[in-house]
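attaching a predicted model along with its sequence, questions to come.
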Amino acid sequence: MNLIVFPGHALKGSASLPADKSISHRAILFAAMAKGESHIEEVLLSGVTRPMLDAIQAFGVEASFQGTHLTVRSAGWRAWRAPIAPLHCGNSATTLRLLAGALAAAGVPAILDGSEGLRRRPMDRLIIPLRKMGVPIRGTSSGTAPLVLEARSPEKPLKAIEERLPVATAQVKTALLLAALSAEDRVTVTEPFLSRDHAERLLRAMGVSVETTFGPDGSARHCLTPPKKPLDPFSLRPPADFSSAAFLIVGALITPGSHVRLSGVGLNPGRTGLLETLREMGGTIRVRNVREIHGEPLGDIEVRHSPLRAAKIRGARVPAMIDEFPAFAAAAACADGISEAHDAEELRVKESDRIAALCSELRKVGVEAEEYRDGFRIVGRREIPGGKTHPHGDHRLAMAMAVLGLAAANPIIIESAEITEESFPDFSGVLQRLGADVRLEQKK
Ligand code: S3P
């Protein structure tokens, strides 16, 4: 499927956005780990969260829908049964890594596998600390999926470790904290900067003690005490996904005449680095009605077209906008001056090598972009010539190129655009309802 974005149409009005992907993943899995009945309203059901839902059902947990309301009934993770077939995690590293941590706690044997793209992503960062805890887990000789977990006696607790992660990664942190539920004693996980803390917030709401303290260098140390009782079930409604909102925010900023309102958007500080960056670039963005629901901050975002200037990103800002570099790149392509990103090597092991893929796709539509080992450089320009681009199997790359098309001089065509469904169901429909001229056509 090709998505064709015709320029020259402002984005106007309000849009309702899909639920937060990270929180939906955690809510589905943690509900299956709790003992009792949990309720998740308007959970994100997309390409990346379906495998998580399939997995918990393979453990014998009951999941049922009334519309978009998901009810999960579980006897708790200690009662999980071994899945009879390998668990296919699709393109979702979050599903695979979080499941590895939860299965490590449960001691249930399983095979975790995924798409070709997922099989290329690094798993050693998780396998090594899990093995230190005594988890019988192995990957391929290159430290990738499929991952094989052998059965482990639930009577024998895992070892308590103090792990220092070389990069801030919420997936690995979360997986280790889940495994720690079954440890003999307190487990600490330290990351160089705080990554999104949705897991810590939800675990606390489920009665688990997770303490976070910060070092003078900005590092975040999380200490989990294994609970003596089953995890409490919960009810929650995930906020709208800031990472999905990011594309509409950037689309509105770069397209003349735009004025968009997005309500109930998640504002977890581990996620909103792009807001600060876009404001520093001169973006008119107002956040109102900030509130907290089920332990997560959210608010309403109002954004207007604004002339942007270039920005330089590095250090602690990087993990706080780790999923937003494609959206940032679209903004940088339209900004005045040369933008740069550094300290962002992690982008090379996302759904695509986002440094290489972003630079090559931007060049295809006439934007000057150059790779650095740990980031990129983009030369902003007033007129983007447009052209045809390919998303490299990366939903965020597809959406970034689509919003860039709103502000280009000629249409931008995104091939294999169905990939946007991974995290943003009906992305093109939402753009259309905001006034964009976009068309989906079968690939010829
Ligand atoms: C996620 C964490 C991030 C992010 C991903 C979702 C999560 O990955 O890129 O889209 O839900 O924990 P890393 O933990 O690998 O940085």
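Cool, the structure landed.

CA atoms for contacts and neighbours, from now on please.
OK.

got the residues of the stretch 51-200 of the chain near the ligand?
Proximity of the stretch 51-200 of the chain to the ligand is confined to 94, 169, 170, 171 under the rule C-alpha under 6 Å from any ligand atom.

spit out the contact partners of the third one.
The reference is to residue 170. Residue 170 sits next to 195, 196, 197 when contact means C-alpha atoms under 8 Å, 6 or more residues apart in numbering.

between the residues you listed, which is nearest residue 416?
residue 196 (29.6 Å; C-alpha to C-alpha).

hang on, the earlier thing: could the contacts of residue 170 be laid out in JSON lines, adding pLDDT and secondary structure?
Formatted as JSON lines, the contacts of residue 170 follow (pLDDT from 0 to 100; DSSP: H, G, I helix; E, B strand; the rest coil):
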{"residue": "195", "pLDDT": "95", "secondary structure": "coil"}
{"residue": "196", "pLDDT": "97", "secondary structure": "coil"}
{"residue": "197", "pLDDT": "98", "secondary structure": "coil"}
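
let me have the residues of the stretch 51-200 of the chain next to the ligand in CSV, extended by pLDDT, distance to residue 105 and secondary structure.
CSV is the format used below for these (pLDDT from 0 to 100; distance: C-alpha to C-alpha, whole Å; DSSP: H, G, I helix; E, B strand; the rest coil):
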residue, pLDDT, distance to residue 105, secondary structure
94, 97, 17, helix
169, 95, 20, coil
170, 97, 18, helix
171, 98, 16, helix
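
got the buried residues for stretch 218-238?
Applying a neighbour-count criterion of 16 or more other C-alpha atoms under 10 Å, one finds 219-227, 230-238 buried in stretch 218-238.

and that stretch, end to end?
28 Å (C-alpha to C-alpha, to the nearest Å).

and the strands in the stretch 301-444 of the chain?
Counting by DSSP state E, counting those that start in this stretch, the stretch 301-444 of the chain has these strands, from start to end: 312-313, 338-341, 368-372, 375-379, 387-389, 412-414, 437-441.

mind checking which of these is nearest the ligand?
Proximity to the ligand (C-alpha to the nearest ligand atom) singles out strand 375-379 among the strands of the stretch 301-444 of the chain, at 15.1 Å.

what's the average pLDDT for that closest one?
Per-region confidence: strand 375-379 scores 98 on mean pLDDT.

same for it, what does it pack against?
When contacts are defined as 3 or more C-alpha pairs under 8 Å, 6 or more residues apart in numbering; DSSP states H and E, strand 375-379 packs onto helix 325-333, strand 338-341, helix 354-364, strand 368-372.

which of those sits most buried?
Among the helices and strands packed on strand 375-379, the stretch with the highest mean neighbour count (mean count of other C-alpha atoms under 10 Å) is helix 325-333, at a mean of 28.

mind checking the pLDDT average for stretch 300-320?
On average, stretch 300-320 scores 97.

if you count neighbours, what's buried in that stretch?
Buried residues in stretch 300-320, counted by 16+ other C-alpha under 10 Å: 300-311, 313, 316-320.

cool, stretch 59-66 as well?
Neighbour count says stretch 59-66 has 59, 60, 61, 62, 63 buried, by 16+ other C-alpha under 10 Å.

now intersect the residues you listed with the strands, please.
Of the buried residues of stretch 59-66, the ones assigned to strands by DSSP state E are 62, 63.

using JSON lines, lay out the buried residues of stretch 59-66 together with pLDDT.
Below are those laid out as JSON lines (pLDDT from 0 to 100):
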{"residue": "59", "pLDDT": "98"}
{"residue": "60", "pLDDT": "98"}
{"residue": "61", "pLDDT": "98"}
{"residue": "62", "pLDDT": "98"}
{"residue": "63", "pLDDT": "97"}
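
next, the distance between the ends of stretch 150-163.
Note: stretch 150-163 ends 22 Å apart using C-alpha to C-alpha.

next one: stretch 378-396
Stretch 378-396: ends 18 Å apart by C-alpha to C-alpha.

tell me if residue 271 really is in a strand.
No. Counting by DSSP: H, G, I helix; E, B strand; the rest coil, one finds residue 271 to be coil, located in no strand.

could you find the closest non-adjacent residue to residue 185?
Leaving aside its chain neighbours, residue 185 sits nearest to residue 160 (5.3 Å; criterion: C-alpha to C-alpha, 6 or more residues apart in numbering).

do residue 271 as well
Going by C-alpha to C-alpha, 6+ apart, residue 271 has residue 320 as its nearest residue, at 4.9 Å.

if I look at that neighbour, how far off is residue 352?
19 Å.

what distance do you get for residue 23 to the ligand?
If you measure residue 23 against the ligand using C-alpha to the nearest ligand atom, to the nearest Å, the figure is 7 Å.

and what about that residue, helix, strand or coil?
In three-state terms, and counting by three-state DSSP, residue 23 is helix.

that one: neighbour count?
Look at residue 23: counted by other C-alpha atoms under 10 Å, it has 24 neighbours.

contacts only, for it.
Residue 23 makes contact with 198, 199, 238, according to C-alpha under 8 Å, 6+ apart.

now do the same contact list for the second one.
In this case it means residue 199. Going by C-alpha under 8 Å, 6+ apart, residue 199 touches 23, 26, 174.

quick check: chain neighbours aside, which residue is closest to the second one?
Yep, that's residue 26 we're talking about. Excluding the flanking residues, the one nearest residue 26 by C-alpha to C-alpha, 6+ apart is residue 199, at 6.7 Å.

am I right that the one you found is in a helix?
Yes. Under three-state DSSP, residue 199 falls within a helix.

how close does it sit to residue 174?
Separation of residue 199 from residue 174 (C-alpha to C-alpha): 6 Å.

residue 418 too?
Applying C-alpha to C-alpha, the value for residue 418 to residue 174 is 29 Å.

neighbour count for those two, which is higher?
Set residue 418 next to residue 174 and count neighbours by other C-alpha under 10 Å: residue 174 wins out with 24 against 19.

show me where the chain has its helices.
With DSSP state H as the criterion, the chain has helices at 21-33, 50-58, 93-106, 116-119, 124-132, 170-180, 198-205, 242-254, 273-280, 317-320, 325-333, 354-364, 395-406, 427-433.

pull out the buried positions in the second one.
Read it as helix 50-58. Residues 50, 51, 52, 53, 55, 56, 57, 58 are the ones in helix 50-58 that count as buried (16+ other C-alpha under 10 Å).

not counting sequence-adjacent ones, nearest residue to the residue of the stretch 301-444 of the chain found nearest the ligand?
Residue nearest to the ligand within the stretch 301-444 of the chain (C-alpha to the nearest ligand atom): residue 323, separated by 5.1 Å. Leaving out its chain neighbours, the residue that sits closest to residue 323 by C-alpha to C-alpha, 6+ apart is residue 243, at 6.8 Å.

which residues sit in contact with the one you found?
Residues near residue 243 by C-alpha under 8 Å, 6+ apart: 20, 271, 323, 324.

cool, thanks, signing off.
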